[in-house]
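Colleague: below is the structure, and that's it, no one-letter string:
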């Protein structure tokens, strides 16, 4: 009987909604990820936004826009984010400032939608091109994708003898 009571006490003391910490933890990391990527985007001079290390790679600006479009796709497809029409209406190239604003808007859009979903929704399974995934896995992919391309952008800065900003983690 004693063992049974002990088990019950332990079970009730253990958070039943451990996912309740996942979204706030993700959002804290996401905000730091935004700050770090914006610092990288600001470090590259406007005249180097078309720099690419090799012909087969995206240029610096295209990497930033690719990160943003991936955030838009994942957050609208899997979290119901409504996207507004943004971009250059006259088809002229985006400035550095416009590119950074789009990037910030992408990060902020993901944050806004995640603040309004329940932690339980993260265990929901969704169809993905790589097979069925949970929404938590999609969140992990969001951050992983940013990290992947941000690492490439740090190389772009280094190849232009520009010291990358100090790393911002948690």
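Modeller: All right, it came through fine. Remember, it's a predicted structure, so these values are computed and weren't measured experimentally. Numbers count the residues shown, from 1 in each chain.
Colleague: counting by contacts, list what the strand or helix carrying residue 113 packs against.
Modeller: Using DSSP states H and E, residue 113 maps to helix 96-114. When contacts are defined as 3 or more C-beta pairs under 8 Å, 6 or more residues apart in numbering; DSSP states H and E, helix 96-114 packs onto helix 22-43, helix 60-79. C-beta coordinates here come from the backbone N, C-alpha and C atoms, glycine included.
Colleague: next, the angle from the last one to helix 96-114.
Modeller: Here helix 60-79 runs at 20 degrees with respect to helix 96-114, directions being taken by axes from the mean of the first three to the mean of the last three C-alpha atoms, to 10 degrees.
Colleague: then the first one?
Modeller: An angle of 180 degrees separates the directions of helix 22-43 and helix 96-114 when computed by the same axes, to 10 degrees.
Colleague: next, the buried residues of helix 22-43.
Modeller: For helix 22-43, a neighbour-count test (16 or more other C-beta atoms under 10 Å) marks 22, 23, 26, 30, 33, 34, 36, 37, 38, 40, 41, 43 as buried.
Colleague: and the end-to-end length of stretch 113-131?
Modeller: In stretch 113-131, first residue to last residue: 24 Å (C-alpha to C-alpha, to the nearest Å).
Colleague: so how far is that stretch from its chain's centroid?
Modeller: The chain centroid and the centroid of stretch 113-131 are separated by 15 Å, computed with C-alpha atoms, centre = their mean, to the nearest Å.
Colleague: same question for stretch 95-102.
Modeller: 17 Å.
Colleague: now do stretch 70-85
Modeller: The answer for stretch 70-85 is 12 Å, by C-alpha atoms, centre = their mean.
Colleague: equivalent analysis for stretch 67-85, please.
Modeller: On C-alpha atoms, centre = their mean, the centre of stretch 67-85 falls 11 Å from the chain's centre.
Colleague: what residues does that stretch touch?
Modeller: 37, 102-103, 105-107, 109-110, 112-114, 117, 126, 128, 135, 138, 141-142, 145-146, 149-150 (C-beta atoms under 8 Å, 6 or more residues apart in numbering).
Colleague: what subset of those residues is buried?
Modeller: Applying 16+ other C-beta under 10 Å to those flags 37, 102-103, 105-107, 109-110, 113-114, 135, 138, 141-142, 146, 149-150 as buried.
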